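Colleague: Pasting the sequence and the predicted model now:
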Amino acid sequence: DAIDDVTGSGLEGEGETLVFAGLNWDSALVQSGVARYIVENGYGYETEMIEGATVPLFQGLIKGDIDISMEIWLPNQKDAWAEATAEGQVFSTGKSLEDNWQSTFIIPGYLQDANPGLKSVEDLKKPEFQALFAEADSGGKAVLYGCMAQWACRAVNEGQIEAYGLSDIVELRDPGTMGALDAAIEGAYLKEEPVLFYYWGPTKLANTLDMRVLEQPDPSECADNDPALGCGFPTAEILIALHSDYQGEGYEELRAFLEKWDWNATNQLAAEGHYGEIKDDAATSEEAYRNTAIWYLNNNDAWQSWVSADAKDRIIESLAA
Amino acid sequence: MSNIEIVNLWKVFGNDPEIVFEPENINKTRSEIQDEFNQVVALRNVNLSINPGETFVVMGLSGSGKSTLVRALIRLIDPTSGSILINNQDVLQYNNQELENFRRHTVAMVFQHFGLFPHRTVLENAAYGLEVQKVDTEARNQKALEVLELVGLSGWESSYPSELSGGMQQRVGIARALAVEPDILLMDEPFSGLDPLIRRQMRIELKKLQQTIQKTIVFITHDLDEAITVGDRIAIMRDGEVTQLGTPEEIVTNPANSFVEEFTFDIPKTRVTSVSNIMVKPSSQEFDRRYVVAPESIVEDMIPLVLETGDPIPVVDSKDELVGVVPQEKILELVAQSARQEYSEE
Amino acid sequence: MSNIEIVNLWKVFGNDPEIVFEPENINKTRSEIQDEFNQVVALRNVNLSINPGETFVVMGLSGSGKSTLVRALIRLIDPTSGSILINNQDVLQYNNQELENFRRHTVAMVFQHFGLFPHRTVLENAAYGLEVQKVDTEARNQKALEVLELVGLSGWESSYPSELSGGMQQRVGIARALAVEPDILLMDEPFSGLDPLIRRQMRIELKKLQQTIQKTIVFITHDLDEAITVGDRIAIMRDGEVTQLGTPEEIVTNPANSFVEEFTFDIPKTRVTSVSNIMVKPSSQEFDRRYVVAPESIVEDMIPLVLETGDPIPVVDSKDELVGVVPQEKILELVAQSARQEYSEE
Amino acid sequence: MSVTLEKEKLSTQESKENDKSYIIKYGISLVVFVIVMGLSWVIHLMKITQITDFPVNFSPPVTNAIDDFVDFLVVNFAWIFDWMSDQAKVLIGKIRDFLIWVPWPFTILAIMYTGWKVASRNVGIGSAIALLLLGLFNLWVSAMVTIAIMVIAVLISIVIGIPLGIIAASSNRFDAAIKPILDGMQTMPSFVYLVPGIMFFGLGNVAAILATVLYAIPPCIRLTNLGIRQVDIAVVEAGTAFGSNRMQLLTKVQIPMAIPTIMAGINQTVMMALAMVTIAAMVGAGGLGADVFRAMGQLEQGDAVIAGLGIVVLAIVIDRISQGYINNRNQTTSIE
Amino acid sequence: MSVTLEKEKLSTQESKENDKSYIIKYGISLVVFVIVMGLSWVIHLMKITQITDFPVNFSPPVTNAIDDFVDFLVVNFAWIFDWMSDQAKVLIGKIRDFLIWVPWPFTILAIMYTGWKVASRNVGIGSAIALLLLGLFNLWVSAMVTIAIMVIAVLISIVIGIPLGIIAASSNRFDAAIKPILDGMQTMPSFVYLVPGIMFFGLGNVAAILATVLYAIPPCIRLTNLGIRQVDIAVVEAGTAFGSNRMQLLTKVQIPMAIPTIMAGINQTVMMALAMVTIAAMVGAGGLGADVFRAMGQLEQGDAVIAGLGIVVLAIVIDRISQGYINNRNQTTSIE
Ligand SMILES: Nc1ncnc2c1ncn2[C@@H]1O[C@H](COP(=O)(O)OP(=O)(O)OP(=O)(O)O)[C@@H](O)[C@H]1O
Ligand SMILES: Nc1ncnc2c1ncn2[C@@H]1O[C@H](COP(=O)(O)OP(=O)(O)OP(=O)(O)O)[C@@H](O)[C@H]1O
Ligand SMILES: [Mg+2]
Ligand SMILES: [Mg+2]
């Protein structure tokens, strides 16, 4: 440490390594890429990313193997999050992805165009639409590709179906994993087949496919805004989370930066689009996300208000290099 | 019954058998060829003619090519060159269809380790050959029961081979071969896996059976005693070649080379020599009709008689005419010769 | 050299061997016991006494308990009851340590299928027994080379067993056993896997070797010819019991029962009978000194002599005194008996 | 004796020579290693990127081609996939519903009877107890769902695998061609074909069965092949010598004798299929795998362990019954 | 002949009897089935829930106990786990960094040389081409990361597995005890121990290696056991007859002769370990598995296939080299 102090730059992150959670979906990967560039060049941290599945990564965050996760989808990890914060193992510096949405009842654009009568959840009760989504093994019920059984939104799906009186009309099917759900949706779109599904945004799939949300009552109509009682989803809280070590002294600038972090659908769309263009030129995906971050930081200046003045200078300097 | 004609038969195992026939290699020994080219000459220019109804024994040490020869007869291996005529048809020219028919009707084989089907009952084993001929169940079971009766296995039809002793298993093997009523029976060391007592019993039974069925039999063994007991003629093989061919008597009394001689050490000459070979001209046409022998009789069988009577024994042919006499001295001479050979090596 | 005393030895394979000793079962036959209790009586009350330096042959059909007996001697199997005294020590009472020592120094075994270590060279195979005794490398290699020389395998030290022929492999087996300089050599059908010629050669070599090494040898075979060639005494086993024990001569000339008789069919009596058994009182003390034989001589060896001279042959003992004469008739009688037995079954 | 002494000298000499040659051998290896490491160091120092990095990247065009190909298949062969998927879904649904519908005491009795008959009394009773435990730990329905998927996947594996195994046994070229493919099927991560599988067949059991069959079929093919090939050559020759044609040889001799090995292959196929139940759950197949997966997502160690043990119990029951069958059969029909 | 005729009658009679007995047998089965189904139907109709549902549920107390136990372990033995984990992480990191650091031409040459020497010329060249392809498809670094984890996992499996296999070979009781555990280890879904694994050892390679070892060790134990047990009994007896004690028998006879089988076990261990790389990637092990996993999350079929094929290529290279070694060794030292 002493040597660091003598030879170092005196930056907050000197000699510190921040380990990011390598969640395997786009928004998390893009946000992590931008955040990594900023903390590296603005605050002198080294960064690493460990890739893995959601649950193991959250365990890693609790244990301290992961220092920072850019996206904790609170509704889905509510119990684990509550427990970990109660134990003082993790804390949040505020929201990350803004403009997010989720809905249990989505149909493809082509389907709605072909069936203009299918606009709201109530319309599913019409036999022709029920039959539209029926599958060979659903006993005539409409099949809904729901939220993963291990996520909290599953319970919401169940509650909504119950509350809307769709119990005998809709069969809620567990896709198992996010990847499986994505594949099922993409497959249906390619084949232009009828499909009824749960999804959320901003995500690559929601941005590229024409998704139409069936009308549901506004969340405010339900007690405690609880969608499980028969309303649409309210906006979710998506948090940036850190391991408790970073709650103490010496990380003030880092925390200040993350608290100001403000990432919305527009940023996400733009960065993701650029990533799609350049990814084949990079040797590794990590490099691709880094290049995306550089592009983003060069072409937007919203970020300049998230960081301290010194940091901003350093970042601009390194971008120019 | 059927005759077999083997002409210039060669079998070379290896990836390049033709190399053996190059003029500069054709006279190389088997081990030279193996060392130089990694090819094994299993049969070298074998010529044999086997008569209908004959029991023809092939013997030799391990690796001498006996099995290769007999397996070539039924095309379990394809010879490298030469031809095999069976009933004047060249077996090596058969197409698949003809070959199947040939195997179904003309030849049948009895294997050293029996080669029974463990998942089939004795009856199903015996009926196998007929089954592949698509004979209907009833007829083939009847035939199978018949041959099982013949080999003394009545009552065991529904047992599995694993429940039988070795000797009984080999009887099943013989029954299986007999069931297809083949012209030719090939037997590759059929009794080698058996206990000595059972083995001798099987030999004797085979002789008896042969009197009933009268097939052409090619019988392989490495036991000279067995060869002499069952064989009408014997071919001795060495390194893929037939080194001597003859009746048991010819081979024992007149070995072609030291190898055959060594092979025949243990066999008393009296056991193979026929009376006609030691009889002398009778001094008169009068003889004692109580003790006559045929010219084909084996000397050993008459030793007790000779020693008992002390007189020369008259030899009488099938027309009941005196053709010679056997004086006691001649027999003793032969006994002495037999004895002299034993242990002469020590 | 060492003597072996086997007393009331039983071996019953199965999960409840004691049941055989129940008073109501003790007299049941082997197959009854097998059917009723699923126990196999491999040895039934065997009593044998084997003298130092003797070559003792155990013979019998497959399954008669030969291997069980010899394996009990080296405790590869533990007998059910009885005792085995070797050098007056009860082998069955040995603890692990004593047993290892006993196996390292007192006995050594030669196996039917050689039981060589395929991953070790011939030299390392031969040295194995010394290696487990922790003899240092140089000394054990020297000894191994010595015994390999003795069995005629010099030059093959660094080959692997798979590169050797069967006969050579068995020589390695013998060398491995000799290397530990055991008092007793156990040989379980050592030559059964070999070709007949090589087999005879090995027998003869064993006899020669025995003259050099003078060990106590327990030799197992199911071949009577082999038994007679190598054995000083022979025990014939049947269904786990010793059914006859005696010299080759006793067994061939005087079979205890029809089973042994059948076994000995193929052996000419002349080959085992000693002169002392057929000689008669000399009529005078004068005799022709040119043709004398010892009383222990085998009759067969003197047949040529007898037939050549025609006269009775004088028998002279080691003190050069005339003890009898063998008239030609006696020999002929024996020849006749030998012959009569052959094929009598047919 | 003189000969012996000479030999001895020779042998010690040889062993010394061996020692020396070892030193030389290792020495050379060491020198080579040091040189290579030195060179590596220099290369890194001089940043010769041609040697540290690969000069070209074939990946983008190929990955794009694959993407397009998958899309092409999905779009153009949708009707086939949908048809197959529908058939399978109906069948699986029926089996699953039936298994759940049958009251558990009957199911347990049936398994006990089968185990007893096919294997041994102990296996029968053990299986019954094991299944009872599944029920008592509230895993009955999940277990039946898992079994339904299993049954279909294993049946498909058998129907496809055994004929392929037979062909592989009779053609060395086919065998050589299929070998790396089988290796590939077992090491290729299921995720790779799960995603296209879902795009083809939709979410749920069908994709799960596809993944399971791909993973579980290799032992069935391999052991059928092996079983036929290792049928005692002497017996096959006997069959040939009596004029059997190829078909007769196969049906009357080779296959009947290969049955224990083929059964071992099926046994392994079942085990592999069971190892895939959690993967299957990742595409929504339900059953015990889904229990494990869900418990893991909710950090319920205990539930995950119990459901996992449920899978293990199923595996052991199936294994013991089929092994018992194989052993019994082996005992009755083998010679020696 | 009269005997034969009688027999014949007997046999046809028998076969008819057989026909009849079949009908009876199947008839009975059918009747039983119908009755059971009818009963089931009645039970459902009458809603006798004691028979359709299980009366008790043992699950809650047991799952709670397991949860508590895991927590207890984590809290009380954290220091041991952390220490182990730290050691392992340093080691794996070093190996990984080294493999990445060595310029690829040297690595490829080294593998080629090994393949050539150990197996055959074709295997050597084939391996080199395969590795080159990995590089050209931009998978080099991932492959090296995967290999690093693999090497550690396989080494641990060998170090633990072979001694256990030896013990299992010499003790029937241990063998019987370990058998269901091994079955369990191979069918228990990895997810079940992944989460506790992370709680003990933290995220990353260590938990991944734990999961890999648990899945990959059974073949090593099984085949060591098998290899020793199937050493020709005659050779073992020869060893015994010369007074070898147990240790000598083991080291001088049984293990040397079992080596080909043990090598086959190691080969299988490597294959199993490779089959775990995607699971390992889910807990942060990186490498080719992570490439597959990431591609799946982004619905990039092509990338997933390429990375998946990378794993397959690695597997086949390792397999062919080790199989070649086994075959060569088998040829040189076996009798017959
Ligand atoms: N399929 C084969 N490939 C290569 N060589 C073979 C093959 N079959 C036999 N041989 C060789 O051919 C030679 C003759 O073998 P064959 O089996 O005919 O001998 P055999 O006289 O029957 O011996 P045995 O008494 O041991 O049965 C042997 O040297 C053997 O090694
Ligand atoms: N380990 C064993 N378990 C059960 N029975 C055995 C065992 N070993 C031998 N037997 C039985 O004991 C009897 C005697 O066997 P043994 O091996 O001593 O016979 P053998 O005379 O050596 O026969 P062979 O000539 O075939 O070697 C046989 O019936 C055999 O089946
Ligand atoms: Mg042969
Ligand atoms: Mg024996």
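Modeller: Structure received. Ligands and ions are numbered 1, 2, ... in the order given.
Colleague: residue boundaries of the strands in the chain?
Modeller: I'll assume chain A. In chain A, the strands defined using DSSP state E lie at A:17-22, A:46-51, A:68-73, A:90-95, A:101-108, A:142-145, A:170-173, A:196-201, A:211-213, A:238-243.
Colleague: um, chain B though
Modeller: For chain B, strands defined by DSSP E occupy the ranges B:4-13, B:40-50, B:55-60, B:81-86, B:89-90, B:107-110, B:184-188, B:216-221, B:233-238, B:241-246, B:313-316, B:322-326.
Colleague: Those residues of the stretch 101-250 of chain B touching chain D, which are they?
Modeller: Residues of the stretch 101-250 of chain B lying near chain D by Cβ under 8 Å from any Cβ of the partner chain: B:101-105, B:107-109, B:111, B:113-119, B:128-129, B:131-133, B:160-162, B:169, B:176, B:180. Using the backbone N, CA and C atoms, a C-beta is placed for each residue, glycine as well.
Colleague: so who does D:I311 touch?
Modeller: D:T146, D:L274, D:V277, D:T278, D:L288, D:G289, D:V292, E:T187, E:M188, E:P189 (Cβ atoms under 8 Å, 6 or more residues apart in numbering or on different chains).
Colleague: By proximity to ligand 2, which residue of chain B wins?
Modeller: The minimum distance from chain B to ligand 2, using Cβ to the nearest ligand atom, falls at B:D195 (7.8 Å).
Colleague: I should have written the stretch 1-150 of chain D there, sorry.
Modeller: Counting by Cβ to the nearest ligand atom, the stretch 1-150 of chain D gets nearest to ligand 2 through D:S120 (21.2 Å).
Colleague: How about chain A?
Modeller: Residue nearest to ligand 2 within chain A: A:P56 (53.9 Å; Cβ to the nearest ligand atom).
Colleague: In a markdown table, list the contacts of D:I311 along with pLDDT.
Modeller: Shown next, in a markdown table, are those (pLDDT from 0 to 100):
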| residue | pLDDT |
| --- | --- |
| D:T146 | 91 |
| D:L274 | 88 |
| D:V277 | 86 |
| D:T278 | 83 |
| D:L288 | 91 |
| D:G289 | 89 |
| D:V292 | 88 |
| E:T187 | 85 |
| E:M188 | 88 |
| E:P189 | 87 |
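Colleague: Compare the residues you listed and tell me which is most surrounded.
Modeller: Counting neighbours by other Cβ atoms under 10 Å in any protein chain shown, D:V277 leads those with 33 neighbours.
Colleague: Break chain D down into its domains, please.
Modeller: D:2-52, D:77-335 (automatic domain parsing).
Colleague: Most tightly packed of the ones you listed?
Modeller: domain D:77-335 (a mean of 21; mean count of other Cβ atoms under 10 Å in any protein chain shown).
Colleague: is ligand 1 contacted by it?
Modeller: No. Residues of domain D:77-335 are not located near ligand 1 by Cβ under 6 Å from any ligand atom, the shortest gap being 10.1 Å.
Colleague: How about the contacts made by the closest residue to B:Y160 other than its chain neighbours?
Modeller: Leaving out its chain neighbours, the residue that sits closest to B:Y160 by Cβ to Cβ, 6 or more residues apart in numbering or on different chains is B:T121, at 6.0 Å. Shown in contact with B:T121 (Cβ under 8 Å, 6+ apart): B:E157, B:S158, B:S159, B:Y160.
Colleague: Pick the one among those closest to B:Q214.
Modeller: B:E157 (26.0 Å; Cβ to Cβ).
Colleague: pretty sure the closest one is touching B:V122, no?
Modeller: Yes. B:E157 is within contact range of B:V122, at 5.4 Å (criterion: Cβ atoms under 8 Å).
Colleague: joint contacts of these two?
Modeller: B:L148.
Colleague: which one of those two has more residues nearby?
Modeller: B:V122 (26 against 22).
Colleague: Please name the residues that touch that one.
Modeller: Going by Cβ under 8 Å, 6+ apart, B:V122 touches B:L148, B:L153, B:W156, B:E157, B:S158, B:S159, B:Y160, B:P161, B:L164, B:V172.
Colleague: And those, which is closest to chain A?
Modeller: B:Y160 (47.2 Å; Cβ to the nearest Cβ).
Colleague: Dihedrals phi and psi, that closest one?
Modeller: Phi and psi for B:Y160, reported as degrees, to the nearest 10, are phi -100, psi 150.
Colleague: low-confidence ranges in chain D?
Modeller: D:1-22, D:331-336 (pLDDT under 70).
Colleague: how much space between whatever residue of it ends up closest to chain A and chain B?
Modeller: In chain D, the residue that lies nearest chain A is D:G297 (2.4 Å; Cβ to the nearest Cβ). Going from D:G297 to chain B by Cβ to the nearest Cβ, to the nearest Å gives 51 Å.
Colleague: Thought A:V55 was touching that residue, still the case?
Modeller: Yes. Between D:G297 and A:V55 there is a contact under Cβ under 8 Å: 5.6 Å.
Colleague: Please name the residues that touch whatever residue of the stretch 201-336 of chain D ends up closest to chain E.
Modeller: Chain E sits closest to D:G302 of the stretch 201-336 of chain D, with a gap of 2.8 Å, by Cβ to the nearest Cβ. D:G302 makes contact with D:A295, E:V62, E:T63, E:N64, E:A65, E:I66, E:D67 under the criterion Cβ under 8 Å, 6+ apart.
Colleague: go on, A:Y198?
Modeller: By Cβ under 8 Å, 6+ apart, the contact set of A:Y198 is A:Q102, A:S103, A:T104, A:F105, A:I106, A:L144, A:Y145, A:G146, A:C147, A:C153, A:N157, A:L181.
Colleague: so which of those is the most crowded?
Modeller: For these, neighbours tallied by other Cβ under 10 Å; top is A:T104, 29 neighbours.
Colleague: Quick one: work out the angle between the one helix or strand in chain B whose mean pLDDT sits lowest and helix C:328-341.
Modeller: Ranking every helix and strand in chain B by mean pLDDT, DSSP states H and E puts helix B:328-341 at the bottom, with a mean of 70. For helix B:328-341 against helix C:328-341, the angle by axes from the mean of the first three to the mean of the last three Cα atoms, to 10 degrees is 80 degrees.
Colleague: Narrow the contacts of D:G302 to those in helices?
Modeller: Here DSSP state H is the test, and the contacts of D:G302 give D:A295, E:V62, E:T63, E:N64, E:A65, E:I66, E:D67 as lying in helices.
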